[in-house]
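Novice: Next one to model:
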Amino acid sequence: MAGAVDRRALGEALLELLEEDREFRHAVMGLLGYREVLERITRLEERFARLEERFAKLEEEFLELRRAQQRLEERQQRLEERFQKLEERFAELEEHFARLEERFAKLEEEFQKLEERQQRLEERMARLEEEMRETRRVLNTIAHRFGLLTETGFREAMRYVVEEALGAARVERLSLRDEEGLVYGYPATVDIDLVVRDGEHIIVEVKSRVDPGDVAVLARKARLYERETGTRPRAVILGGYVAPSAYEAAARLGVTVRPYLRED
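Specialist: This is a model prediction of the structure:
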């Protein structure tokens, strides 16, 4: 039949249209009740595309985090290496400091020994100086007694004895005119060695040998000084050798006697 529809050819044409023509395919599917399904599929496809984009971003962020973590690990590694070097350096410094402490302790010990040695030397020097002063006193006394040293020279040589015994910085020579002969029994000029210390006036006499007569003369000099100046002085006589009777005379006349040679 010429007017009859070729079903086979129609089917092939419909399949071709379904494959090539999207709108026709949707129309057919809509007619068949699949339009809603297609819309849901479309939404799912769009959602899946967004998920893929988000996943791609997450992967990129994850890679960035991995790179940051790697950088942190590298930095931590460098810090650990630096810290290890610092620990080694600190250990070296501790060892060096321990050696310095040991050396300082040895130096302190040596310094203490030097101080002790210096102290012993100073004590020995002080003893030697005292012995030299004592020797000078003895020699001056002997020289004076045997006429090798004049009275004036003896007095000048023994001036340091006065300063040492009385703690005075200076001994002054004072001359007073005794018209009444109080000291020697006749008018004369009397020489007096005077020390003024802390407001106290001290008349000093130095003799190689002290006898009662020397004590009496010094006591009269003190009375002359008091009469002429209005100040009562203290009378002190220093001697190398002091006669026992001179101590008795000094006690009676108010004179202080000091031997400047040690009596062993």
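Novice: Mind naming the longest helix for the protein?
Specialist: When the chain is parsed with DSSP state H, its longest helix is helix 35-145.
Novice: other SSEs contacting it?
Specialist: helix 22-31, helix 151-157, helix 159-166, strand 200-210, strand 234-242 (3 or more C-beta pairs under 8 Å, 6 or more residues apart in numbering; DSSP states H and E). All C-beta atoms are positioned from the backbone trio N, CA, C, and that covers glycine.
Novice: Ranked by average pLDDT, which of these falls at the bottom?
Specialist: Confidence, taken as mean pLDDT, is least for helix 151-157 of the helices and strands packed on helix 35-145 (a mean of 49).
Novice: Please work out the angle formed by the directions of the longest helix of the chain and helix 22-31.
Specialist: On the basis of axes from the mean of the first three to the mean of the last three C-alpha atoms, to 10 degrees, helix 35-145 is oriented at 110 degrees to helix 22-31.
Novice: does Gly218 really touch Ala235, like I thought?
Specialist: For residue 218 the amino acid is Leu, not Gly. Yes - between Leu218 and Ala235 there is a contact at 5.1 Å, judged by C-beta atoms under 8 Å.
Novice: which residues do those two both contact?
Specialist: Listed as contacting both Leu218 and Ala235 by C-beta atoms under 8 Å, 6 or more residues apart in numbering are 203, 205, 255.
Novice: Quick one: buried ones out of those?
Specialist: Neighbour counting by 16 or more other C-beta atoms under 10 Å classes 203, 205, 255 among these as buried.
Novice: Now distance to Lys113 too, for the residues you listed, in CSV please.
Specialist: Converted to CSV, these look like this (distance: C-beta to C-beta, whole Å):
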residue, distance to Lys113
Ile203, 50
Glu205, 49
Val255, 51
